[in-house]
Each structure stands twice: as structure tokens, then as C-alpha cells.
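Chemist: let's see this in three dimensions:
(2 chains)
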Amino acid sequence: MKTIQDVLDSLNSGNLEQYKEVMEYCSKRVTSNEGIPTVIGLDDLTSSSNEAYQGAKEEGDFNLVMAAGAMVFTSLYEELSPEQLGHYPPIAPAMSAMTEMFFHPDADGNAVQYREVVRDFIKE
Amino acid sequence: MNSNLNVRAFAEAISRDKRTLDIFRCLINNSYIRVVNYHNTNDINADRFEEEIKYFSKHFVPVSKQDIDTFFKTRKWPYKKPGLIPALFEGYRSHYDIMRPILDKYNFIGWFYIPSFFIDVKPEDQLDYCRSHRLRITGENMYPDKRIALSWDEIKELSKRHEICCHTGSHFEIARDTSDEDMYREIVESKLLIEKHIQKPVDVFCWLAGEEYNYNIKAHKYLEKAGYTYVLGNLKLEKIK
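Modeler: Take a look at the predicted model:
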């Protein structure tokens, strides 16, 4: 996926299979032994400034793709029970799944999945 | 699980929980950082870890606490490439033996989250300590001398190039009803212990089962008393001072 429009189009078309496949993949990771990617917010509770932040130039507007992706995953994880979620809010596993699917943009702006980083070590 | 999702349900889902909206705000506002969380870094997986750190070094920049300070101060990420933090939890010895050489080889900065009282447990008691303190060790047979926690000398060495952070004293889950005595021990004394050994300030505190800062207002006075600058939860790194 290249842009936020691609993410929204996948919503409109109801094509959520790729998201569910990533959720399935995430559920099989061994969190105690593997590197588990996620994205966390940076929040300055001491600041009264209303000025927006500027991200890394190479990131472009990939943050918008990540935001849309995170929200899609959140809505899907919301369908699970608290027991299935380990009593974490749906946004927690959603951020990890989002990062798995949209780890960073490649040179053409397309999303690289985290499993590409460790592809030689994934056991089928 | 439904086979598709309508936009109304999508909008409702993201507005139901303040934490979800908060993260949405951070992403839209370019106020976020990538983290890869590690717990056990056993020798059997060393090649995998090296492949990851090597990849990070090509596509991201390492992140120091000072970079985060600068980001908040200038409201601008100071590099062309985005940052990534390899976060190492629980103070395991393998973080020094296996992960440190890889991080140093690729000039990457690890953030080490140490439950500080674990370090002083006698080696022969460390495995039992892990089992009774929710430390999910999987490399317990890596070392014949039975020491599975980092030593203070190793932590001091790590502190020269990496960030040392406090992950409570005894890997303790601080709840809303945790006593003052327990909070002081797990938030303040735990920090002082690390600082005594590394002779540097420890500015980052990490909850267990990380909630956001405002989850536990009672803990604020201890976080302030200890002098932390940042609190890390599952979803955010929050500047509090």
C-alpha cells in the first residue's frame, strides 16, 4: 500500500483479508524470544505549545498510512474478547500488527512488512 | 470476526477509547517512534538479531534520550531518517553477551530496562526469582555458573554507549491500590540503586503491563520525587519533567 487512499480503499472494498492474515501471523510470534516491532507515541505532558511536530523527511506522509492502518487493526481487535486480548486495550496489539504490516516505506513509498526483515528466520 | 468493515463501525471503534484517539493524534502529528521489543536474546537466535540490527542501521537512525529531548524541544525530528529503538527488557545477561556486540558493531543504541533488585539476587537463586517475578526466562541453561541476570559491571559498561532505564525494582506491577511503601521501593529506591552503580542519572521509568502516566495518579509523587523525566508505557513515551 502506498498511500492513505489505498488503506481507505481497502476499507471501502471490504478487503480486510490481508489485515486478518497479519493478525494471524502476529498471534504466532514468540514474544519472549523474538524482536517484536511496534510504534509508540511521543507525548510531552509538560508543554503548552500547540505547534505541530515535524517528522523525518524520508518518512514523507507514511504516518498517515500508519494511522489509518492502526485504526483498521483496532477495529478488528475490538471484535475479540478481553481474554483473547490479554486484557490489553485493542489499540495495543493493533499498534504491533500495524507496525508488522507497515514497518517503513521503501524507496517508492510502498510499505515494507517487518517479516521481510527476518524472512530467513521464519519457520513455516 | 466479520469479513468486512463499514466506515461507521471503523469510526466508532477509534473513538470508543481515549487511548486509541491519543495514538491516532500522535501518528497524525508525527509524534511517534518505532520500537522493537526484545526479552530473551539467547545465543541460538544471534544470527536473527544481527540481521535485524543490520537492517535497522540501513533504514533508521539510532535514538538516544538526548534525541528525544531535542525532538520535544524543537518539535522537529533532527534527522532525515526516522529513528528506531531496540528495547531490551528484564536485565538478562544475554543482553550483554549476545546483543551488546551486535548493537555496537552497527553503531546502534539499545534502551535497557532493568528490574534493579534482580541484579543483586544470588546467581543460584536467580532462576527461582524469575519464576516468582514474571520474568519469562528461556535461556536458563546458557550459563554453567547459573548467573542469568546482568552484573552491575556489565550495566555500567552498557551505560557508556546505551540508555539504562528503570523497570521497577522487582519486576513489580504497580496498581492503583499499591501501598506507598511499595511505590517508594519500586519507583524511587530502584532508581537510586542503578544510579549508585552506574554513576549516571536514570531518567526513564517503565511500568509493567504499561499503562499511560495518568493511569496512576497516586504514583506521580514518587515519579516526581525520584526525578524521572520520562515514563514509558505500552503505547507512549511521556515526558513528565
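
Chemist: from here on, contacts and neighbour counts on C-alpha atoms
Modeler: OK.

Chemist: please enumerate residues in contact with the longest helix seen in chain B?
Modeler: Among all segments of chain B classified by DSSP state H, the helix with the greatest residue count is helix B:46-59. Contacts of helix B:46-59 from elsewhere in the structure, counted by C-alpha atoms under 8 Å, 6 or more residues apart in numbering or on different chains, are A:35, A:117-118, A:121, B:41, B:81-82, B:84, B:98-99, B:102-103, B:106-108.

Chemist: do that again at 6 Å, thanks
Modeler: By C-alpha atoms under 6 Å, 6 or more residues apart in numbering or on different chains, the list of residues contacting helix B:46-59 from outside reads residue B:102.

Chemist: now swap in stretch B:91-105 and tell me
Modeler: Contacts of stretch B:91-105 with the rest of the structure, by C-alpha under 6 Å, 6+ apart, involve B:41, B:42, B:50, B:114, B:148, B:149, B:150.

Chemist: got any ranges where the chain has weak pLDDT?
Modeler: Reading this off chain A. Within chain A, the ranges that satisfy pLDDT under 70 run A:1-2, A:10-14, A:124.

Chemist: nope, chain B
Modeler: In the predicted model of chain B, residues B:1-7, B:9-10, B:210 satisfy pLDDT under 70.

Chemist: where do the strands sit along it?
Modeler: Assigned by DSSP state E, chain B shows strands spanning B:32-38, B:84-89, B:111-114, B:163-166, B:204-206, B:230-232, B:236-239.

Chemist: give me the residues contacting the first one.
Modeler: What that stands for is strand B:32-38. In this structure, residues lying in contact with strand B:32-38 by C-alpha under 6 Å, 6+ apart are A:35-42, B:84-88.

Chemist: who wins on neighbours among the residues you listed?
Modeler: Each of the contacts of strand B:32-38 was scored for neighbours by other C-alpha atoms under 10 Å in any protein chain shown, and residue A:39 scores highest at 27 neighbours.

Chemist: residues touching that residue, list them.
Modeler: Contact criterion C-alpha under 6 Å, 6+ apart gives B:33, B:34, B:35 as the residues in contact with residue A:39.

Chemist: who's in contact with residue A:96?
Modeler: A:37, A:38.

Chemist: please identify which helix or strand holds it.
Modeler: Assigned by DSSP states H and E, residue A:96 belongs to helix A:91-101.

Chemist: just to revisit the earlier point, CA atoms only for the longest helix of chain B - export them in CSV, please.
Modeler: Output of helix B:46-59 as CSV, limited to C-alpha atoms (Å, rounded to 0.1, in the frame of the first residue of the first chain):
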residue,chain,number,x,y,z
ALA,B,46,22.0,-14.4,17.5
ASP,B,47,22.0,-14.6,13.7
ARG,B,48,18.4,-13.4,13.6
PHE,B,49,19.2,-10.5,15.9
GLU,B,50,22.2,-9.5,13.8
GLU,B,51,20.1,-9.5,10.7
GLU,B,52,17.6,-7.2,12.4
ILE,B,53,20.1,-4.7,13.8
LYS,B,54,22.0,-4.6,10.5
TYR,B,55,18.7,-3.8,8.7
PHE,B,56,17.8,-1.1,11.2
SER,B,57,21.2,0.5,10.7
LYS,B,58,20.5,0.9,7.0
HIS,B,59,17.0,2.3,7.2
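
Chemist: so how far is that helix off the chain centroid?
Modeler: In terms of C-alpha atoms, centre = their mean, to the nearest Å, the gap separating the centre of helix B:46-59 from the centre of its chain is 19 Å.

Chemist: got the angle between it and strand B:32-38?
Modeler: Orientation of helix B:46-59 against strand B:32-38 (axes from the mean of the first three to the mean of the last three C-alpha atoms, to 10 degrees) gives an angle of 170 degrees.

Chemist: contacts only, for residue B:31.
Modeler: For residue B:31, the residues meeting the contact criterion (C-alpha under 6 Å, 6+ apart) are A:41, A:42.

Chemist: so what's residue B:169 up against?
Modeler: The contact partners of residue B:169, taken as C-alpha under 6 Å, 6+ apart, are B:115, B:116, B:117, B:186, B:190.

Chemist: how many neighbours does the third one have?
Modeler: Just to be clear, that refers to residue B:117. When counting by other C-alpha under 10 Å, one arrives at 17 neighbours for residue B:117.

Chemist: isn't it up against residue B:168?
Modeler: No - between residue B:117 and residue B:168 there is no contact, the gap being 8.4 Å when judged by C-alpha atoms under 6 Å.

Chemist: can the contacts of residue B:169 go into a markdown table with extra columns for distance to chain A?
Modeler: Rendered in a markdown table, the data for the contacts of residue B:169 read as follows (distance: C-alpha to the nearest C-alpha, whole Å):
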| residue | distance to chain A |
| --- | --- |
| B:115 | 16 |
| B:116 | 20 |
| B:117 | 21 |
| B:186 | 23 |
| B:190 | 24 |
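
Chemist: out of the residues you listed, which end up buried?
Modeler: The neighbour-count test (16 or more other C-alpha atoms under 10 Å in any protein chain shown) marks B:115, B:116, B:117, B:186, B:190 as buried among the contacts of residue B:169.
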